[in-house]
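Enquirer: Based on what follows, work out the 3D shape:
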Amino acid sequence: MDIITVTHSRLKASLDEAVFDINSVLEQPAEEGSNRRFSNALQKYTQAATQLETLDRLQKEIAKSNDQQEETGETKAE
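Expert: A predicted model of the protein is given here:
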(Lines give C-alpha, C1' and ligand atoms only; values in the text may rest on other atoms or scores of the structure.)
Protein backbone atom coordinates (compact mmCIF):
# COMPACT_ATOMS: atom_id res chain seq x y z
CA MET A 1 0.00 0.00 0.00
CA ASP A 2 1.45 3.35 -0.95
CA ILE A 3 1.47 6.47 1.19
CA ILE A 4 -1.27 8.18 -0.85
CA THR A 5 -3.68 5.26 -0.39
CA VAL A 6 -2.96 5.10 3.34
CA THR A 7 -3.46 8.85 3.72
CA HIS A 8 -6.69 8.69 1.71
CA SER A 9 -8.04 5.95 3.99
CA ARG A 10 -7.02 7.86 7.11
CA LEU A 11 -8.72 11.03 5.89
CA LYS A 12 -11.91 9.16 4.97
CA ALA A 13 -11.97 7.69 8.48
CA SER A 14 -11.54 11.16 9.99
CA LEU A 15 -14.35 12.45 7.82
CA ASP A 16 -16.65 9.61 8.89
CA GLU A 17 -15.78 10.22 12.54
CA ALA A 18 -16.54 13.94 12.22
CA VAL A 19 -19.91 13.18 10.59
CA PHE A 20 -20.71 10.81 13.46
CA ASP A 21 -19.78 13.50 15.99
CA ILE A 22 -21.90 16.09 14.18
CA ASN A 23 -24.90 13.75 14.08
CA SER A 24 -24.44 12.92 17.78
CA VAL A 25 -24.58 16.60 18.69
CA LEU A 26 -27.59 17.20 16.45
CA GLU A 27 -29.44 14.38 18.19
CA GLN A 28 -29.01 16.07 21.59
CA PRO A 29 -28.48 19.78 20.95
CA ALA A 30 -29.52 20.84 24.46
CA GLU A 31 -26.78 18.79 26.12
CA GLU A 32 -24.14 20.80 27.95
CA GLY A 33 -21.13 21.55 25.77
CA SER A 34 -22.97 20.76 22.54
CA ASN A 35 -21.98 24.06 20.90
CA ARG A 36 -18.29 23.40 21.60
CA ARG A 37 -18.55 19.76 20.45
CA PHE A 38 -20.40 20.80 17.29
CA SER A 39 -17.80 23.46 16.52
CA ASN A 40 -14.94 21.00 17.05
CA ALA A 41 -16.60 18.35 14.88
CA LEU A 42 -17.30 20.87 12.15
CA GLN A 43 -13.68 22.03 12.22
CA LYS A 44 -12.47 18.43 12.05
CA TYR A 45 -14.82 17.73 9.13
CA THR A 46 -13.72 20.84 7.23
CA GLN A 47 -10.04 20.08 7.72
CA ALA A 48 -10.37 16.44 6.64
CA ALA A 49 -12.52 17.37 3.62
CA THR A 50 -10.02 20.01 2.51
CA GLN A 51 -7.10 17.63 2.89
CA LEU A 52 -8.98 14.93 0.99
CA GLU A 53 -9.68 17.34 -1.88
CA THR A 54 -6.02 18.34 -1.96
CA LEU A 55 -4.93 14.71 -1.96
CA ASP A 56 -7.30 13.93 -4.85
CA ARG A 57 -5.85 16.82 -6.87
CA LEU A 58 -2.35 15.62 -6.08
CA GLN A 59 -3.22 12.09 -7.25
CA LYS A 60 -4.54 13.50 -10.53
CA GLU A 61 -1.38 15.57 -11.03
CA ILE A 62 0.81 12.54 -10.35
CA ALA A 63 -1.20 10.39 -12.77
CA LYS A 64 -1.04 13.14 -15.40
CA SER A 65 2.72 13.46 -14.93
CA ASN A 66 3.17 9.69 -15.19
CA ASP A 67 1.09 9.57 -18.37
CA GLN A 68 3.19 12.36 -19.91
CA GLN A 69 6.40 10.55 -18.98
CA GLU A 70 5.11 7.33 -20.55
CA GLU A 71 4.16 9.17 -23.73
CA THR A 72 7.58 10.79 -23.87
CA GLY A 73 9.25 7.44 -23.27
CA GLU A 74 7.23 5.80 -26.05
CA THR A 75 8.10 8.60 -28.46
CA LYS A 76 11.81 8.25 -27.71
CA ALA A 77 11.66 4.47 -28.10
CA GLU A 78 10.20 4.80 -31.58
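Enquirer: helices or strands up against the least confident helix or strand in the chain by mean pLDDT?
Expert: Every helix and strand in the chain was compared by mean pLDDT, DSSP states H and E; the lowest is helix 34-77, with a mean of 90. Packing contacts for helix 34-77, counted by 3 or more Cβ pairs under 8 Å, 6 or more residues apart in numbering; DSSP states H and E, involve helix 3-27. No exception for glycine: its C-beta is placed from N, CA and C like everyone else's.
Enquirer: mind listing what's buried in the helix it packs on?
Expert: Neighbour-count burial for helix 3-27 flags 8, 11, 14-15, 18, 21-22, 25 (criterion: 16 or more other Cβ atoms under 10 Å).
Enquirer: could you list every residue that touches the residue most central in space within the chain?
Expert: Nearest to the geometric centre of the chain sits Leu52, at 2.0 Å (Cα atoms, centre = their mean). Counting by Cβ atoms under 8 Å, 6 or more residues apart in numbering, Leu52 makes contact with 8, 11-12, 15.
Enquirer: of those, closest to Gln69?
Expert: Gln69 has its nearest neighbour among the contacts of Leu52 in His8, at 22.6 Å by Cβ to Cβ.
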